[in-house]
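K.L.:
Have a look; sequence and predicted model below, questions after that.
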Amino acid sequence: MARKILVLSVLAMSLAAPGLYAQTAPAAPAGTAQQVANAVDPASIQALKDMGAHLQTLKRFRVSTELTGERVLADGQKLQHSATANTEAVRPNMLRTRMFSARAEREIFYDGKLATIFIPAQKAYSTVEFTGNLGELVNKLEEKYGVEIPMADMFLWGTPAAPLDKIESAMNAGQDFVDNDLCDHYAFRQGSVDWQIWITTGSKPLPRKLVITNRADEARPQSVQYFDWSLKPAFNDSIFKFTPPKGATAVELHSLDNK
């Protein structure tokens with residue numbers, strides 16, 4: 001059977017924060033946001049470190065996200081789109097994620113030996129051998145194949161791969177509720193991106209909401225993501241092994257190095 005080149009495109013805004021690794025700041029009284037907007041608050045940095053450290057302790061979990069993003073037309077008009085992603089993971093090296101919207105659907109499987117990308121609409125899949133941990137998988141798929149795993153940062157926060165020194169400003173914007181969870185709200189500036197994150201208060205900090213603003217576009221398009229966590233999920237490890245459905249075709253995963 002002739003092999004085809006599989007061109008993989010992940011959902012708009014990639015369902016993953018674009019390299020957001022920051023530092024956070026202590027709670028700021030009302031009215032002080034403007035004063036600290038251009039300073040890196042060490043306590044805000046520490047809040048991200050604490051969140052990352054906690055994420056690294058999660059051995060078995062499920063997380064889902066709902067994304068609302070904006071696309072800007074040539075005349076400046078904004079169009080809103082939505083997508084969702086569900087991820088199950090077992091550290092150090094098992095993952096399954098499903099990304100879907102009205103325009104596209106992708107599934108990624110990793111059982112510690114093989115990583116597989118499956119496109120249900122085309123019944124096409126591509127498999128590569130890999131034995132690294134989840135953080136290494138995230139980097140491998142993105143750097144070599146241009147494939148982004150949704151919510152990829154959750155596997156990098158709390159590791160040396162999280163470049164905290166890239167943050168240009170960091171501030172604590174107070175507290176807010178996300179659903180029923182009281183969260184500390186932090187805001188960061190990083191290159192041409194502004195981003196905000198809401199982290200649950202207490203000794204087990206988890207990200208619950210993320211807002212990203214693209215300042216490189218004068219229209220300032222935004223994406224908004226909500227995260228829902230299950231820390232005692234009921235699933236069998238067999239879900240991480242991909243079994244091709246009847247009629248599915250194996251295709252070549254195009255390496256960026258071979259362009």
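P.N.:
All right, it came through fine. Numbers count the residues shown, from 1 in each chain.
K.L.:
where does the stretch 1-150 of the chain dip in pLDDT?
P.N.:
1-38 (pLDDT under 70).
K.L.:
all helices of it, in order?
P.N.:
Taking DSSP state H, counting those that start in this stretch to define them, one finds helices in the stretch 1-150 of the chain at 33-36, 42-57, 134-145.
K.L.:
what's the closest of those to residue 169?
P.N.:
helix 33-36 (7.7 Å; C-beta to C-beta). C-beta: built from backbone N, CA, C; applies to glycine.
K.L.:
In this protein, which residue is most central in space?
P.N.:
Here the mean C-alpha position of the chain is nearest to the C-alpha of residue 151 (C-alpha atoms, centre = their mean), at a distance of 1.7 Å.
K.L.:
give me phi/psi at it?
P.N.:
phi 60, psi 30 (degrees, to the nearest 10).
K.L.:
how much space is there between it and residue 64?
P.N.:
Going from residue 151 to residue 64 by C-beta to C-beta, to the nearest Å gives 9 Å.
K.L.:
what's the answer for residue 186, then?
P.N.:
The value you get for residue 186 to residue 64, if C-beta to C-beta is used, is 22 Å.
K.L.:
Also residue 123?
P.N.:
From residue 123 to residue 64 the distance is 25 Å (C-beta to C-beta).
K.L.:
Residue 106 against residue 99, yeah?
P.N.:
Yes: between residue 106 and residue 99 there is a contact under C-beta atoms under 8 Å: 4.7 Å.
K.L.:
quick one: common contacting residues for residue 151 and residue 64?
P.N.:
Common contacts of residue 151 and residue 64, defined by C-beta atoms under 8 Å, 6 or more residues apart in numbering, comprise 85, 87, 227.
K.L.:
No further questions, thank you.
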